[in-house]
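Asks: Below are the sequence and a predicted model; questions follow.
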Amino acid sequence: MSKVLIATEKPFAAPAVAGIKQILTEAGFEVVLLEKYTTKAELLAAVADVEAIIIRSDIIDAEVFDAAKQLKIVVRAGAGYDNVDLESATAHGVCVMNTPGQNANAVAELVFAMLLFGVRNRFNGTSGTELKDKKLGLLAYGNTGRNVARIAKGFGMDIYAYDPFTPAEVIEKEGVHAVASQKELFSTCDIVSLHIPATPETKGSIGRELVSLMPKKGILVNTARKEVINEPELIALLKEREDLRYFADIRPGAHEEFEAAAGERYFSTPKKMGAQTSEANTNAGLAAARQIVGFIKEGNERFRLNK
C-alpha cells in the first residue's frame, strides 16, 4: 500500500484534513499526518518510507529528498512553490506539482481588502478616494490575475494587464486591455497589482525603474512574493515620492525601513495571508490529494513543475 505524508508545520483546517484523508484512503493509500512539527529531524524521519508528500509552506530541500528513498511526488497545496528545490527533485526522480487556481479567489479578495483599507485612509475618519474609474494594472494574467479582474469589473475599474505568456487577444476577449510591456503597464495605471512568481528572472525586478513610472498617487500592491521587490530601491523611491503607496501581503525583509520611509503609505500583513481562508485551505488540500491519486495510479502529470 502506497503511503502519503501530509507534512504541515502550519496545519490544514480539520475539514481539509478529513477530506484529504477520505480521497486518499478511498483510492487505497495509507495516510500519515505530521502537523506542527518543530524540527527538521521530525520531517526527515517522517519521509523515510513515503511515496508522496502534501505540503503547504514547508521546506522540501535536498536533505529531505535524500532521506525520502521511496518518494515519487511532492504536491505543494497552493500556487507558489519556491519552498521546494526543483533541481534536487529532478535529480532524485521526484515529480513536483502545485495546485494552481485553488487559492486565486482568496488572494484576489485580499487585494481589494488592502486597496479599500488604503484608499479610505485606514478608515480613520478622513476623506479618501474611490476605486471606480481608476486604472488597475495586473502584472501577470494567470488564475489570480483573472480573479482580480473579475472583482475589479464590479468596482467599475479600467483594467489593464501584461503577461508575456498570455496572448493579447485572450486578455482583450475578457474585457481587459492588453499592454505591450511592463513599463507601459506601470506608466499607465493608478494601481499595479503583482501576480508574478519568484523566479531567477523576477526576483528583485520590481524597483525604481518601473515603480517611478507610476502616475501621481500610484499604489503598488504585492500579493505575490516579497522576493520580487527590490527593497532598497523601493524604500528610496517612497522617501522621494511622498505620493506613492505600497501594500504587501507578506512582511518585507526591511519592514522597519519601509515604515520609516512611508509611514501610513505602507502596509504589510504580518505573515502571508492571501490563501488564509477556510475555503482556499480546503480547496488546495483536496486538489493536492486528487493530483497524487492521478499521478500514482494513472501517470497524470498535468501540473508538473520540474523536468
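Replies: Arrived safely, thanks for sending.

Asks: What's the separation between residue 178 and residue 209?
Replies: 21 Å (C-beta to C-beta, to the nearest Å). Glycine gets a C-beta too; all of them are placed from N, C-alpha and C.

Asks: If you could redo that for residue 94, that was the one I meant.
Replies: 38 Å.

Asks: Check residue 190 too.
Replies: 19 Å.

Asks: Pretty sure residue 112 sits against residue 153.
Replies: No - counting by C-beta atoms under 8 Å, residue 112 does not reach residue 153; the two are 11.8 Å apart.

Asks: Those two: which is more packed in?
Replies: Just comparing residue 112 and residue 153: by other C-beta atoms under 10 Å the higher neighbour count belongs to residue 112, 18 against 15.

Asks: residues touching the more buried one, list them.
Replies: 131, 148, 151, 152, 155 (C-beta atoms under 8 Å, 6 or more residues apart in numbering).

Asks: And residue 238, by the same measure?
Replies: Applying C-beta under 8 Å, 6+ apart, we find residue 238 in contact with 244, 246, 258, 261, 262, 265, 266.

Asks: go again using 10 Å as the cut-off
Replies: 211, 220, 244-246, 257-258, 260-263, 265-266 (C-beta atoms under 10 Å, 6 or more residues apart in numbering).

Asks: Okay, and it sits in which element?
Replies: For residue 238, the host element (DSSP states H and E) is helix 231-240.

Asks: and residue 94 and residue 209? which has more neighbours close in?
Replies: Set residue 94 next to residue 209 and count neighbours by other C-beta under 10 Å: residue 94 wins out with 23 against 14.

Asks: Report the separation between the nearest residue to the more buried one once chain neighbours are set aside and residue 64.
Replies: Spatial nearest neighbour of residue 94, excluding adjacent residues (C-beta to C-beta, 6 or more residues apart in numbering): residue 71 at 5.2 Å. From residue 71 over to residue 64 the distance is 9 Å, taken as C-beta to C-beta.

Asks: so what's in contact with these two at the same time?
Replies: What both residue 71 and residue 64 touch, as defined by C-beta under 10 Å, 6+ apart, is the set 47, 53, 89, 92, 94.

Asks: does the third one really touch residue 66, like I thought?
Replies: No - Residue 89 is not in contact with residue 66 according to C-beta atoms under 10 Å; the separation is 11.6 Å.

Asks: Between these two, which is the more surrounded one?
Replies: residue 89 (23 against 12).

Asks: backbone phi and psi for that one, please?
Replies: phi -60, psi -50 (degrees, to the nearest 10).

Asks: go on, residue 193?
Replies: Per degrees, to the nearest 10, the backbone of residue 193 is at phi -110, psi 120.

Asks: what's around it, how many residues?
Replies: 30.

Asks: So in terms of bridging, what pairs with it?
Replies: residue 138, residue 221 (DSSP bridges).

Asks: Helices along the stretch 201-307 of the chain, start to end?
Replies: 208-211, 231-240, 255-262, 278-298 (DSSP state H, counting those that start in this stretch).

Asks: Buried deepest among those helices, which one?
Replies: Sort those by mean neighbour count, taking mean count of other C-beta atoms under 10 Å, and helix 278-298 sits at the top with a mean of 21.

Asks: Averaged pLDDT, that helix. What do you get?
Replies: Confidence for helix 278-298, expressed as mean pLDDT, is 96.

Asks: what do you get for stretch 95-109?
Replies: On average, stretch 95-109 scores 96.

Asks: that older thread, which one, of the helices of the stretch 201-307 of the chain, ends up nearest to residue 30?
Replies: helix 278-298 (12.3 Å; C-beta to C-beta).

Asks: helices or strands up against that closest one?
Replies: Applying 3 or more C-beta pairs under 10 Å, 6 or more residues apart in numbering; DSSP states H and E, we find helix 278-298 packed against strand 3-8, helix 14-26, strand 52-55, strand 73-76, strand 95-98, helix 104-119.

Asks: what angle separates it from helix 14-26?
Replies: Orientation check (axes from the mean of the first three to the mean of the last three C-alpha atoms, to 10 degrees): helix 278-298 against helix 14-26 gives 10 degrees.

Asks: And the shared contacts of residue 71 and residue 64, which is closest to residue 226?
Replies: Comparing those against residue 226 with C-beta to C-beta places residue 89 closest, at 23.4 Å.
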